[in-house]
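[1] Sharing a model that was predicted from the sequence below.
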Amino acid sequence: MNHDRVHFAYNGIDVDPETQALTRNRLHWILDRLPSGRILDLGCSQGTLSILAAGRLTDSRDRVTGVDVEEEAVAFAAGQAAELPAGVAAKLAFLRGDGERLGFADGSFDAAVAGELLEHVADPGAVLTELHRVLAPGGTLLVSVPYGLMPHHDHRRTFYRTGFHRLLAPLFEIHELAMLERHIAAVAVRRDSPHGAPAFALSPEEEDFLGREERLEQRLHDLRERLTRANQLYREVTAANTELKAGLGDGDAGPVLRQLATLQETVQRLSASVSSGATAERDELRERLRALGEERDRLNAGLSTAQSELGLLRDAAQAGEAERDRLLESVHGLTSGLEALRETADAVTAQRDELRAHVRAQAEELRTIESGHGEAMREAAATHARDLRELRERVAEAEKELATDRAALARLRTVYNGERHRHSLTEHRLNKLVALETKLTQENERLRAKLETVTGRLTDYRDQVTRIRSSKAWRVLSVYRQLRHPGRPDPVRLAAAKPVSPAPVATVVKKRPAQAPAPTPPRPAKQAPVPLADFRARLAEWIERAKAAPGEEVVLMFSGTTFVQEARGNRPIRLTRVYLDRQCPVFFNYYRWRDTDPLPEHPDPLLYQSPIDVTPQLLDEVLAADFGGKRKLLFASFPHEAMVRTLTHAATHGWVTIYDARDDWEEFAKIGMAKWYHPGYERYVVAHADVVTAVSAPLARKMETLGGRRVAVNANALDPAFPAPPSPRRDDATTIGYFGHLTDKWFDWDLLIRAARTHPQLTFELAGHQNPADLKLPDNVRLLGLLGHRELAELSTGWALALIPFKNGALADAVDPIKVYEYLHLGLPVLTTYFPQCAGYPGVRVTESAAEFVAAIPDVAGSVLGPDVREWLADNTWQCRVEAYSEMAERISRKGREGLMTLLECR
């Protein structure tokens, strides 16, 4: 017997509000997707879903038939139907039957529901085969099963996503697969020709996970048994204590003392048995204390930020003093060199005068000899003429050396004047930093006083809330609210509970607004942050490995994305993979939400990943480290304020600084995405980095306007390791595909819906995440959820065309979508909205208006890519982009640094 009580759970009878909310959400999800017509509710239990479905039917010919194997449940459902209005009761029928042997003719129903049934039956494949038989062609099946291990005396198997999909797929085409709190639910359509026999089988990963769940459940069962034994022992001790008190009244203390000793031993065993329960209660109290302290921590955030800023400014002041001392030493050295050059010039001048005197003496001697001798004089004249030419050549060489020395002297004077100017600028900046330190100290004191004031107000507010909750008026209001809205959670409890954001679910296909608020899951135990000393120890080991690495370059990749992983493919991660393949060490900065997040693991020992809250404390060690003569590249992939402080320091240690503008951050800030963006930071980085690149020509022109300098275009590229399609694309494909982000911040949902309604003969498949929850999509649009690269490659064989329907505007003008390269790699023609950078790409059709985009879909769909696409992709890989950066850095090393001088001369 199953003893299902869905009627009581749905109506909140003898169940907690959480169970009622879960039951209502699941049944309403099924009802919202259940079509009208002839409906079979297999495993109807107490008939709750059947009755709700019948109440929604409008056609008099529509009917709902509920079937269940338990006679008691069928009788209860029939009794509930008898109390309904006659018009609704006439559409209902409840029968007792076996799901493996249904007594209905083929094609008897237009839709069927199997809610929480397959986990109870001996052969779910036989039940699905019967459902396939009694459904009419094109009939709809809605199925729900518990997700993961859910102990129950009548559950015969456990379902996960892959096993559930494999069981349904042979007989039904799955249109929607979603997670409903603790259940998996699917909307499927009957296949005209089965693709095999349905069979239940879990994947190896699911088998492993099920084993772990079973072990944990067994541990929980053992703990419960221990608690039961402890309670029994406590009752025994209580009885013994009663006997002890009675014995003390008789006056004979001997037996009483023996019983007392026995009682003490029993109490010790009881204390050991319940210690684990006391530990759990203590941990729960600690968790509550941590929750109360989080508000205080947020108020301390402003104070901590100001203190960190003050420490950074002090470090900058110390660096400025060190730079001033170095410049003074350079000035002294240049003065000494200038004096040496002056002495050399004087010596060369004396030598020239000596040579001229010698020439005059030789000429005078020649004239004397010529007057007294004939032939001998002519021979001597010829000899002296040769000597004179040699002397003139020596004089010319001496004059050339003198001119060279004078030019060198002029260059040294220019450098000397520049160093003096830099020294004065450094002193000016140091004075400004000292003044700013005073202001920050005052601001620090002001924030501290404000924190104390806010803490006092918070205490007052909490006292007021406590008084309100304990008042009689509030209790009366709570009772009235529950009567008006049964099942709705108490708002005070919702306010007191700390919501925890659930992990994103990649299997949700379509969403709708929830009918009741989801319960708040328990808060996981907070881990302690990794000490800074551990980061420094790991960094020292990485520096030694980096110094011995065979690669010619070392890279500091300051990225704001997540850590390096195979599932992510953004630009900084792609560049990092190429450098690691070239055996070049990489220090990779990444973003994390909390300092208690676990540190990422990566198999390559040449990769050091540092979270953004720790990186500023490690930059000085990285920039000043000895990497064995390797060329050092610093990539700033977004204009963070840490890069503003770091550019000068990195330049002094010989790093080539590169600002890689991969997006228009100003436009991202306007739509509420890049809230950290500050235009002054980006102008500073663009003006003073050694190399500035952009992924598109429009973005490069904008960077040139900001910095007043030339900006090179180094576009995105293809990862050759991206999976290829397992088979050629079908010639008769009628599906249009897209994969990527689905946020309405830039994805044009109105344009997609217009295209789907204009071309109802085509199917539009969208794979991605963060789509809006309140979408009303046409029937030919399918949301597939977040898929992996290999799944996308397999899916693409059925696509005739790939789309990128982004909203036209300044944000899209700067974009060079990576998915364009991946679409072409999959052999798909591409249709996009207006991306100026993609206008000349082979195999890509760029449109400028919504009408042009919609009209171009039939023309581009199914077109065959030419050999020029493969040649173009071979010239646009991430290896090519890394080679371009190496050439830029080499040019900077050869011609000398220009960005540093601009940086030091700015005020």
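    It's in.
[2] residues near residue 361, how many?
    By the criterion of other C-beta atoms under 10 Å, residue 361 has 10 neighbours. All C-beta spots, glycine's among them, are computed from the backbone N, C-alpha and C.
[3] likewise the one 3 residues further on?
    The burial metric for residue 364, expressed as a neighbour count using other C-beta under 10 Å, is 10.
[4] what sits against residue 867?
    Shown in contact with residue 867 (C-beta atoms under 8 Å, 6 or more residues apart in numbering): no residues.
[5] pLDDT score assigned to it?
    The confidence metric pLDDT takes the value 91 at residue 867.
[6] Against residue 878, how distant is it?
    From residue 867 across to residue 878, the span is 22 Å (C-beta to C-beta, to the nearest Å).
[7] how far is the top strand by length along the chain from where the chain is centred?
    Assignment by DSSP state E gives strand 135-146 as the longest strand of the chain. Distance of strand 135-146 from its chain centroid, counting by C-alpha atoms, centre = their mean, to the nearest Å, is 36 Å.
[8] just checking, what packs against the helix or strand encompassing residue 463?
    Per DSSP states H and E: residue 463 is located in helix 375-469. Under the contact criterion of 3 or more C-beta pairs under 8 Å, 6 or more residues apart in numbering; DSSP states H and E, helix 375-469 touches helix 253-372, helix 899-905.
[9] so what pLDDT did the closest residue to residue 145 other than its chain neighbours get?
    Distances taken as C-beta to C-beta, 6 or more residues apart in numbering put residue 159 closest to residue 145, at 4.5 Å, once the chain neighbours are dropped. We have a pLDDT of 88 for residue 159.
[10] count of residues packed around residue 159?
    Residue 159 has 27 nearby residues by other C-beta under 10 Å.
[11] That one and residue 130: what is the separation?
    Counting by C-beta to C-beta, the gap from residue 159 to residue 130 is 19 Å.
[12] in the chain, which residue is closest to the centre?
    Centroid check for the chain by C-alpha atoms, centre = their mean gives residue 562 as the closest residue, at 4.8 Å.
[13] if I've got this straight, that one is in a strand?
    No. Counting by DSSP: H, G, I helix; E, B strand; the rest coil, residue 562 is not part of a strand but coil.
[14] Test my guess that it contacts residue 591.
    Yes. The pair residue 562 / residue 591 is scored as a contact, 6.5 Å apart, by C-beta atoms under 8 Å.
[15] Return the residues in contact with the nearest residue to residue 408 once chain neighbours are set aside.
    What sits nearest to residue 408 in space, not counting adjacent residues and going by C-beta to C-beta, 6+ apart, is residue 341, at 6.8 Å. Going by C-beta under 8 Å, 6+ apart, residue 341 touches 405, 408-409, 412.
[16] Which of the helices or strands spans residue 666?
    helix 665-670.
[17] now that helix, how far from the chain's geometric center?
    For helix 665-670 - counting by C-alpha atoms, centre = their mean - the centre lies 18 Å from the chain centre.
[18] Stretch 454-469 too?
    The chain centroid and the centroid of stretch 454-469 are separated by 38 Å under C-alpha atoms, centre = their mean.
[19] Chain neighbours aside, what residue packs nearest to residue 675?
    The shortest distance from residue 675 to any non-neighbouring residue, by C-beta to C-beta, 6+ apart, is to residue 669 (6.8 Å).
[20] ok, now how distant is that neighbour from residue 749?
    For residue 669, the distance to residue 749 (C-beta to C-beta) stands at 22 Å.
[21] Mind checking which of these two has more residues around it?
    The neighbour comparison of residue 669 against residue 749 (other C-beta under 10 Å) goes to residue 749, with 18 against 15.
[22] thought the more buried one was touching residue 775?
    Yes. Judged on C-beta under 8 Å, residue 749 makes contact with residue 775 at a distance of 6.7 Å.
[23] show me what contacts residue 796?
    Contacts here follow C-beta under 8 Å, 6+ apart; on that basis residue 796 touches 725, 729, 737, 802, 826-828.
[24] Local confidence estimate at it?
    Residue 796 is given a pLDDT of 92.
[25] go on, the one 4 residues further on?
    What the model reports as pLDDT for residue 800 is 93.
[26] other SSEs contacting whatever helix or strand it lives in?
    For residue 800, the host element (DSSP H and E) is strand 799-804. Packing contacts for strand 799-804, counted by 3+ C-beta pairs under 8 Å, 6+ apart, involve strand 735-741, helix 818-825, strand 830-832.
[27] now those in TSV, with mean pLDDT?
    Shown next, in TSV, are the helices and strands packed on strand 799-804 (pLDDT from 0 to 100):
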stretch	mean pLDDT
strand 735-741	94
helix 818-825	94
strand 830-832	96
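[28] deepest of these, which one?
    strand 830-832 (a mean of 25; mean count of other C-beta atoms under 10 Å).
[29] What is it packed up against?
    strand 799-804, helix 818-825, strand 844-846, helix 850-860.
[30] circling back: wouldn't the residue nearest to residue 675 be in contact with residue 677 here?
    Yes. The pair residue 669 and residue 677 passes the contact test of C-beta under 8 Å, sitting 4.0 Å apart.
[31] The helix or strand encompassing residue 633 pairs with which strands, and in what direction?
    Following DSSP H and E, one finds residue 633 within strand 631-636. Applying DSSP bridges, strand 631-636 is found paired with strand 553-558 (parallel), strand 656-661 (parallel).
[32] Which of the helices and strands packed on helix 375-469 has the lowest mean pLDDT?
    helix 899-905 (a mean of 42).
[33] any low-confidence regions in the stretch 1-150 of the chain?
    Low-confidence segments of the stretch 1-150 of the chain, defined by pLDDT under 70: 1-4.
[34] how about the helices in it?
    Remark: helices assigned in the stretch 1-150 of the chain by DSSP state H, counting those that start in this stretch are 6-10, 17-33, 48-56, 71-82, 86-89, 124-134.
[35] Adding distance to residue 200 and mean neighbour count, write the ones you listed out as a markdown table.
    Formatted as a markdown table, those follow (distance: least, C-beta to C-beta, whole Å; neighbours: other C-beta atoms under 10 Å):
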| stretch | distance to residue 200 | mean neighbour count |
| --- | --- | --- |
| helix 6-10 | 24 | 19 |
| helix 17-33 | 21 | 19 |
| helix 48-56 | 24 | 22 |
| helix 71-82 | 25 | 17 |
| helix 86-89 | 37 | 12 |
| helix 124-134 | 6 | 20 |
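[36] Out of those helices, flag the one nearest residue 229.
    With C-beta to C-beta as the criterion, residue 229 lies closest to helix 17-33 of those, at 28.7 Å.
[37] Assign residue 794 to helix, strand or coil.
    helix.
[38] Would you agree it is in contact with residue 726?
    Yes. At 5.8 Å, residue 794 counts as touching residue 726 under the criterion of C-beta under 8 Å.
[39] And these two? Which one has more around it.
    Taking neighbours as other C-beta under 10 Å, residue 794 and residue 726 compare with residue 794 leading, 14 against 10.
[40] for residue 113, what are its contacts?
    30, 34, 39-42, 49, 53, 141-143.
[41] Out of those residues, which end up buried?
    Buried members of these, scored by 16 or more other C-beta atoms under 10 Å, are 30, 34, 39-42, 49, 53, 141-143.
[42] hang on, the earlier thing: return the most buried member of the helices and strands packed on strand 830-832.
    Of all these, as judged by average neighbours under mean count of other C-beta under 10 Å, the leader is strand 799-804 with a mean of 25.
[43] what lines up beside it in the sheet?
    Per DSSP bridges, strand 799-804 is paired in its sheet with strand 735-741 (parallel), strand 830-832 (parallel).
[44] Starting from the longest one, tell me the next helix or strand along the chain.
    Translated: strand 735-741. Later in the chain than strand 735-741, the nearest helix or strand by DSSP H and E is helix 749-758.
[45] That next one packs against which elements?
    For helix 749-758, the packing partners by 3+ C-beta pairs under 8 Å, 6+ apart come out as strand 763-769, strand 781-785, helix 850-860.
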